[in-house]
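Enquirer: Next come a sequence and a model predicted from it.
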Amino acid sequence: MRRTKIIATLGPATDDPKMMDRIIEAGVDVVRINFSHGTAEEHVERAEKVRNRARAHGRQVGVLCDLQGPKIRIEKFKNGKIILNEGDTFILDTAMDPTAGTEERVGMAYKSLPDDVKRGDSLLLDDGRIVLWVDSVKGTEVHCRVVIGGELSDRKGLNKQGGGLSAPALTDKDREDIKTAAGMQADYIAVSFPRTAQDIIDARELVREAGCSAHIIAKIERADAMENIEEIIEASDVIMIARGDLGVELGDAALPPVQKNLIRMGRTMNRVVITATQMMESMIYSQIPTRAEVFDVANAVLDGTDAIMLSAETATGHYPDKAIEAMDRVCIEAEKQRSATHSDHRINTRFHRVDEAIAMATMYTANHLGVKAIAALTESGDTTRWMSRISSGIPIYALTSYVETRRKVTLYRGVYPVSFEVTDEDRGKIFSEAVDELLRRGAVRDGDLIILTRGAMMGVKGGTNSMTILRVGDLDSPVNPEDLPI
């Protein structure tokens with residue numbers, strides 16, 4: 001079973017019901033709805049459609065709503081595009097008619113640009129394909145010289161090398177979009193371009209005020225965010241390594257070690273990690289990935305990322321289902337490596353919660369005892385999230401009656417949601433029903449060892465306080481230590 005989760009962005013390419021079925025059959029775990037494109041009605045319709053089709057396939061698929069964030073973009077050109085040559089002068093003018101761009105100047109949607117830059121700064125357009133050197137700032141005009149030229153078209157994004165743009169993470173549009181996401185009961189809401197932990201805290205407050213329990217994702221895509229990274233991770237439930245803008249602001253050579261460090265930090269701080277952007281970009285048009293893309297995905301898996309994300313590959317690409325299938329087979333092969341199944345994570349760390357300690361003890365025991373599966377009776381899913389921080393080849397089943405929890409754990413590495421209703425307080429009956437569920441799924445067979453975790457007070461979130469080792473087919477007898485595998 002694949003442990004690393006796959007996120008696929010919905011779009012025109014997945015709207016066809018047959019394609020929707022194919023991406024679910026291919027193994028998508030979470031779908032991303034990009035609020036930078038489309039209407040609120042389209043977003044709601046796509047969320048409803050994917051949940052309906054997932055139910056028809058007997059699957060749980062999480063829904064991730066990705067807020068647009070501040071629009072740091074140029075405006076439009078009279079003729080749709082221009083050519084900039086090295087050495088040309090070019091002006092970014094925040095007061096200019098937004099549709100009147102020429103070879104000499106273009107409007108800016110981000111009105112604070114003249115306040116955020118100075119002579120000597122480097123500005124990067126279109127994901128760094130065009131590089132401008134700031135010569136001077138005059139009122140609403142930023143006068144630049146072209147360092148790296150090329151074709152430039154309407155509405156391309158702008159970054160400042162090294163960071164330093166002061167745009168707030170949450171815009172008025174984002175605040176309205178949060179209400180839309182809350183209305184569809186999104187499982188995850190991603191905050192674009194956060195610079196500080198307060199951006200995440202503010203977003204969480206807005207989400208809760210809207211009556212939604214979605215987990216909050218901090219998209220790490222600004223150089224400024226790296227200055228406050230521990231606080232941002234601490235304030236969030238999930239981090240997304242958004243390698244597009246982050247790579248532009250940091251520089252491409254700096255990105256690989258930053259990605260590895262962010263994955264390590266996220267796991268150490270018990271946060272879920274998503275690796276995103278251009279993971280299989282060539283599959284927008286091709287049915288097979290490049291070898292470089294295969295290595296990219298595999299390395300992220302080996303580093304311990306919880307999830308890998310597809311963007312245009314599934315939203316507008318020609319082969320959404322094949323992109324997911326390619327990711328699936330690369331993940332499965334990478335997960336066979338020893339580094340993906342063995343761990344000394346937090347071996348010398350003090351735990352602060354009982355359920356956290358039970359989760360760590362469970363994984364240590366499972367990895368050293370030949371356990372075939374872990375069944376975690378959980379209300380919030382927290383216990384399974386802590387378990388998923390430990391590298392292991394053992395499946396973790398989150399048994400819960402809460403549909404919101406089942407949707408959230410779709411993002412946790414190696415955790416699989418199971419609809420499970422506790423109908424009796426009798427310990428033996430609970431154990432028997434849990435084992436029967438694993439047997440029904442083909443996860444275990446008679447004679448296998450499993451670990452079951454639960455709380456003494458069923459129905460109380462955060463109350464997991466026990467782990468029990470059981471042998472399938474002989475629940476009434478204690479496990480004989482002499483029979484355990486060496």
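Expert: Structure received. Note that the coordinates shown come from a computational prediction; the quantities given were computed from them, not determined experimentally.
Enquirer: Pull up the distance across stretch 184-204, start to finish.
Expert: For stretch 184-204, the first-to-last residue distance is 16 Å (C-alpha to C-alpha, to the nearest Å).
Enquirer: Quick one: mean pLDDT over it.
Expert: Mean pLDDT, stretch 184-204: 97.
Enquirer: Can you list the buried residues in it?
Expert: Across stretch 184-204, burial judged by 16 or more other C-beta atoms under 10 Å covers 184-197, 199-200, 202-204. All C-beta atoms are positioned from the backbone trio N, CA, C, and that covers glycine.
Enquirer: what do you get for stretch 415-428?
Expert: 415-418, 420, 422.
Enquirer: now do stretch 115-127
Expert: Judged by neighbour count using 16+ other C-beta under 10 Å, the buried positions of stretch 115-127 are 116-117, 121-126.
Enquirer: CA-only coordinates of it in PDB, if you can.
Expert: Taking C-alpha atoms only, stretch 115-127 is exported to PDB below (Å, rounded to 0.1, in the frame of the first residue of the first chain):
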ATOM      1  CA  ASP A 115       7.500  51.700  -1.400                       C
ATOM      2  CA  ASP A 116       9.000  48.200  -1.200                       C
ATOM      3  CA  VAL A 117      11.900  48.500  -3.700                       C
ATOM      4  CA  LYS A 118      15.000  50.700  -4.100                       C
ATOM      5  CA  ARG A 119      18.000  51.100  -6.500                       C
ATOM      6  CA  GLY A 120      20.000  47.900  -6.800                       C
ATOM      7  CA  ASP A 121      17.100  45.500  -6.100                       C
ATOM      8  CA  SER A 122      16.400  42.600  -8.500                       C
ATOM      9  CA  LEU A 123      12.800  42.000  -9.700                       C
ATOM     10  CA  LEU A 124      11.800  38.700 -11.300                       C
ATOM     11  CA  LEU A 125       8.900  38.300 -13.700                       C
ATOM     12  CA  ASP A 126       7.200  35.200 -14.900                       C
ATOM     13  CA  ASP A 127       8.800  32.700 -12.400                       C
END
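Enquirer: Might you calculate how far it sits from the centre of the chain?
Expert: Between the centre of stretch 115-127 and the centre of its chain there are 29 Å (C-alpha atoms, centre = their mean, to the nearest Å).
Enquirer: ok, and what's touching that stretch?
Expert: Defining contact as C-beta atoms under 8 Å, 6 or more residues apart in numbering, one finds that stretch 115-127 is touched by 74, 92, 130-137, 142, 144, 147, 150, 152-153, 156-162, 164-166, 244-245, 248-249.
Enquirer: Let me know the closest of the buried residues of stretch 415-428 to Arg46.
Expert: Pro417 (20.8 Å; C-beta to C-beta).
Enquirer: Among the buried residues of stretch 115-127, which lie within helices?
Expert: Of these, the ones assigned to helices by DSSP state H are Asp116.
Enquirer: nearest to Gly370, of the buried residues of stretch 115-127?
Expert: Using C-beta to C-beta, Leu124 is the member of the buried residues of stretch 115-127 that sits closest to Gly370, with 52.6 Å.
Enquirer: how near is the residue nearest the centre of the chain to Leu246?
Expert: Central residue of the chain (C-alpha atoms, centre = their mean): Ile274, 3.5 Å from the mean position. Going from Ile274 to Leu246 by C-beta to C-beta, to the nearest Å gives 13 Å.
Enquirer: Same question for His352.
Expert: Distance from His352 to Leu246, by C-beta to C-beta: 31 Å.
Enquirer: what about the strands in the stretch 201-350 of the chain?
Expert: Taking DSSP state E, counting those that start in this stretch, the strands of the stretch 201-350 of the chain run over residues 215-220, 238-242, 272-276, 307-310.
Enquirer: partners of the shortest one, with directions?
Expert: Right, the one you point to is strand 307-310. Sheet pairing of strand 307-310 (DSSP bridges) gives strand 5-9 (parallel), strand 272-276 (parallel).
Enquirer: Val147 - how many residues pack around it?
Expert: 15 (other C-beta atoms under 10 Å).
Enquirer: How about Gly247?
Expert: 23.
Enquirer: List the contacts of the nearest residue to it once chain neighbours are set aside.
Expert: Nearest non-adjacent residue to Gly247, counting by C-beta to C-beta, 6 or more residues apart in numbering: Leu255, 4.4 Å away. Each residue near Leu255 by C-beta under 8 Å, 6+ apart is listed here: 243, 246-247.
Enquirer: could those be laid out in JSON lines, adding pLDDT and distance to Asp66?
Expert: As requested, those are exported to JSON lines (pLDDT from 0 to 100; distance: C-beta to C-beta, whole Å):
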{"residue": "Arg243", "pLDDT": "96", "distance to Asp66": "15"}
{"residue": "Leu246", "pLDDT": "95", "distance to Asp66": "15"}
{"residue": "Gly247", "pLDDT": "94", "distance to Asp66": "18"}
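Enquirer: what's the closest of the residues you listed to Lys179?
Expert: Relative to Lys179, and with distances defined as C-beta to C-beta, the nearest of the contacts of Leu255 is Leu246, at 28.2 Å.
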